[in-house]
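1. Predicted model, plus sequence, below.
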Amino acid sequence: MQKRNQKLLLAGALGLAGGVAAATWVARSARTQKGASGAGLPTASVLDTLALAVDVLAPTFAKGVIVRRPKVVALAEKLELDRRAIGRMQKLRNKYGSGPLMLPLPIRKQAVVLAPEHVRRILDEAPQPFSPASSEKRAALSHFEPDAALISQGPERADRRRFNEEVLEHTCPVHPMAASFMPLVEEEANSILAAARAAGELDWDTFNAHWTRLGRRVFFGEVAADDQELSDMIIRLRKAANWAFLHPKQTGLRARFLARIQSYLDRAELGSLAAKAAGVATSADTKPNHQVPQWLFAFDAAGMATFRALALLAAHPDQAVQARAELHSKPGTAHAYLPLLRATILESLRLWPTTPAILRQSTHATEWDGGTMPAGTGVLLFTPFFHRDDTRMACADRFTPELWLKDDKVRDAQDRDWPLIPFSSGPAMCPARHLVLMLTSVMLGTLIDDDVNGATLRLVEQGRMNPARLPGTLDNYSLRFTFAPETSGTGIGR
Ligand code: HEM
């Protein structure tokens, strides 16, 4: 009974935001439906728009797009809200075909992407005609990085994107500064294990404190290792950013935050990305201190992916044995490229994408098989739908690292059929994807390394991870691991 009440309460809370918005659309849509649609493109009925708002948009936004709300994430796992969202998208595709599907909203021209080939087109055709700098994204991210590449346009965007690509070495599977960064990852991993051992278990707060510290060391160097205040500042700004237009800007806090970043960039400590940034050409438009907040912000996502990947290995002992074998077969600097561990992180991101809503906005009218999409249309790519569509992917709900271990050419062909896009794709693809995979895989490898551990990590509440049908949402905040003695026959690697 108590459980039922809890579910009802949550359903009410989560449905509220989407429900209110959707009800407004419903009330006004009869008048505006024709004018808001793309000429010839399918347009969702008012009821289907309402269902999409409640099942897909409301849970995604209630969980927090810029900073997660742990209580909502926990309840989303209990109620399998992400699975429900994918089901809703499947119903829309079955009913309306390949789309893009226009929504009859009075306040905005909005399309939802249903076909894999349309995902590819939209991501490939950035920043024009499909600009990453959508109105909602600008409203949200300008709370802490008003001049970031992601929300810039024209020559400014090009210059800022170039700066990010050069510092983050976006085409290099192994960042040239790997020799500086890998010892930092191993140190923080060892501190995590020591703290967990003292506490008797490993929880999110312990992991995340050291993961965030690692980010500050990689970006700015030892000078920022203990600057928790900087991390607290961006969290406060991100909480406001969750509300986008609806929250006033904290301009004083933002100015202090950006000035602190500038001071670290000026210092350019040797061995940090700040030093690398100091060697990259800049113009008056580049604004490096507005690019770095995106690094701090997105480093969180990398931590979530790593902690969930640890749970994946705990639930898949055979793959954990293989991952450890890979680690031991590539000692020292060879740790910088660990394909199976990287594939494990990518699977964590496929199963539980940290950017579930990729947003674009069209800069001019575009032609589609079904008709014309007008200029200024917001475009939603809901990645869980493509990553976990069980009607198209037999392995949708299972841990399948092989998906990412194929030869690049084979994988490209496969991706064209069915897009797996945790880091997006095309000209606005995450320029840090290789750096992220390097840091996360070494962290994951060190945490499961029994040579370091002397024991294996075992997931408390194994029941949450059914290998035959992994959960639609995995609440990283409540994952906990205990140490199983090496001889116990359970846990990672046993
Ligand atoms: C697991 C971790 C991460 C994931 C899954 C991820 C994913 C993404 C995605 C999906 C986008 C495109 C967003 C959009 O189009 O709206 C993006 C953009 C970006 N990411 Fe990441 N990211 C991660 C971590 C990082 C880190 C750690 C950094 C920096 C050190 C970073 C730097 C950037 C930048 C600068 C952009 C903007 C690119 C542009 O505007 O062209 N990301 N990321």
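-> It's in. Numbers count the residues shown, from 1 in each chain.

2. going forward, measure contacts and count neighbours with C-alpha atoms only.
-> Fine.

3. what about the residue in the stretch 151-300 of the chain positioned nearest to the ligand, how many neighbours?
-> Closest to the ligand within the stretch 151-300 of the chain is residue 295: 3.5 Å, counting by CA to the nearest ligand atom. For residue 295, the count of nearby residues is 16 (other CA atoms under 10 Å).

4. Look up which helix or strand it falls in, please.
-> Under the criterion of DSSP states H and E, residue 295 resides in helix 288-315.

5. Setting aside sequence neighbours, what's the nearest residue to the residue nearest the centre of the chain?
-> Nearest to the geometric centre of the chain sits residue 354, at 2.3 Å (CA atoms, centre = their mean). The shortest distance from residue 354 to any non-neighbouring residue, by CA to CA, 6 or more residues apart in numbering, is to residue 301 (5.9 Å).

6. Model confidence at that neighbour, what's the number?
-> According to the prediction, residue 301 has pLDDT 98.

7. Repeat that for residue 6.
-> At residue 6, pLDDT is 44.

8. Equivalent analysis for residue 334, please.
-> Each residue has a pLDDT score; the one for residue 334 is 81.

9. Assign a three-state SS to it, would you?
-> Using DSSP: H, G, I helix; E, B strand; the rest coil, the structure places residue 334 in helix.

10. Tell me, how many residues neighbour it?
-> Neighbours around residue 334, by other CA under 10 Å: 12.

11. How much space separates it from residue 326?
-> 10 Å (CA to CA, to the nearest Å).

12. Also residue 406?
-> 16 Å.

13. which one of those two has more residues nearby?
-> Between residue 406 and residue 326, counted using other CA under 10 Å, the more crowded position is residue 326 (17 against 12).

14. Contact partners for whichever residue of the stretch 101-250 of the chain sits closest to the ligand?
-> Using CA to the nearest ligand atom, the single residue of the stretch 101-250 of the chain nearest to the ligand is residue 150, 3.2 Å away. By CA atoms under 8 Å, 6 or more residues apart in numbering, the residues touching residue 150 are 132, 133, 157, 161, 428.

15. re earlier: any idea how many residues pack against the residue nearest to residue 354?
-> Count around residue 301 with other CA under 10 Å applied: 17.

16. That one touches residue 352, doesn't it?
-> No - assessed by CA atoms under 8 Å, residue 301 is found out of contact with residue 352, at 10.6 Å.

17. hey, where'd the helices end up in the stretch 151-300 of the chain?
-> 154-168, 178-199, 204-220, 228-241, 251-267, 273-278, 288-315 (DSSP state H, counting those that start in this stretch).

18. Figure out the helix or strand that residue 358 lives in.
-> strand 357-362.

19. Show me which residues of this structure sit near the ligand.
-> 132, 149-150, 161, 164, 294-295, 298-299, 301-302, 305, 354-355, 358-359, 422-424, 428-432, 436 (CA under 6 Å from any ligand atom).

20. now do 5 Å
-> 149, 150, 295, 298, 299, 301, 302, 423, 424, 428, 430, 432 (CA under 5 Å from any ligand atom).

21. Who wins on neighbours among these?
-> Counting by other CA under 10 Å, top hit in these: residue 149 with 26 neighbours.

22. circling back: using TSV, lay out the residues of the chain next to the ligand together with distance to residue 63.
-> Shown next, in TSV, are the residues of the chain next to the ligand (distance: CA to CA, whole Å):
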residue	distance to residue 63
149	25
150	22
295	21
298	16
299	18
301	14
302	17
423	20
424	20
428	24
430	22
432	24
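
23. farthest pair in these?
-> Greatest spatial distance among the residues of the chain next to the ligand (CA to CA): 149 and 302, at 19.5 Å.

24. how many other residues sit next to the residue lying closest to residue 254 once chain neighbours are set aside?
-> Spatial nearest neighbour of residue 254, chain neighbours left out: residue 144 (5.9 Å); criterion: CA to CA, 6+ apart. Neighbours of residue 144 under the rule other CA under 10 Å: 28.

25. sec struct for residue 144, please.
-> Under three-state DSSP, residue 144 comes out as coil.

26. how far out from the middle of the chain is the helix or strand residue 484 falls within?
-> Here residue 484, judged by DSSP H and E, is contained in strand 480-485. Here strand 480-485 is found 27 Å from its chain centre; the criterion is CA atoms, centre = their mean, to the nearest Å.

27. helices or strands up against it?
-> Packing partners of strand 480-485 (3 or more CA pairs under 8 Å, 6 or more residues apart in numbering; DSSP states H and E): strand 202-203, strand 455-459.

28. Would you mind listing the buried residues in that strand?
-> 480, 481, 482, 483, 484 (16 or more other CA atoms under 10 Å).

29. ok, now stretch 469-483?
-> Neighbour-count burial for stretch 469-483, counted by 16+ other CA under 10 Å, picks out 470-483.

30. who touches that stretch?
-> With CA under 8 Å, 6+ apart as the test, stretch 469-483 has contacts from 70, 73-74, 76-77, 80-83, 197, 200-205, 304, 307-308, 311, 351-352, 397-399, 455-460, 464-465.

31. filter these to the buried ones?
-> For the contacts of stretch 469-483, buried by 16+ other CA under 10 Å: 73-74, 76-77, 81-83, 201-204, 304, 307-308, 311, 351-352, 397-399, 455-460, 464-465.

32. Who does the strand holding residue 484 pair with, and is each partner parallel or antiparallel?
-> strand 202-203 (antiparallel), strand 455-459 (antiparallel) (DSSP bridges).

33. So for residue 215, which of those sits nearest?
-> That would be strand 202-203 among those, by CA to CA, at 18.7 Å.

34. where does the stretch 1-150 of the chain dip in pLDDT?
-> 1-38 (pLDDT under 70).

35. all helices for it, in order.
-> Going by DSSP H, counting those that start in this stretch, the stretch 1-150 of the chain shows helices at 2-36, 46-52, 58-62, 70-78, 81-96, 116-124, 135-141.

36. Stretch 348-356: how far from the chain's middle?
-> Taking the mean of its C-alpha atoms, stretch 348-356 sits 6 Å from the chain's own mean (CA atoms, centre = their mean).

37. ok, now stretch 443-458?
-> On CA atoms, centre = their mean, the centre of stretch 443-458 falls 25 Å from that of its chain.
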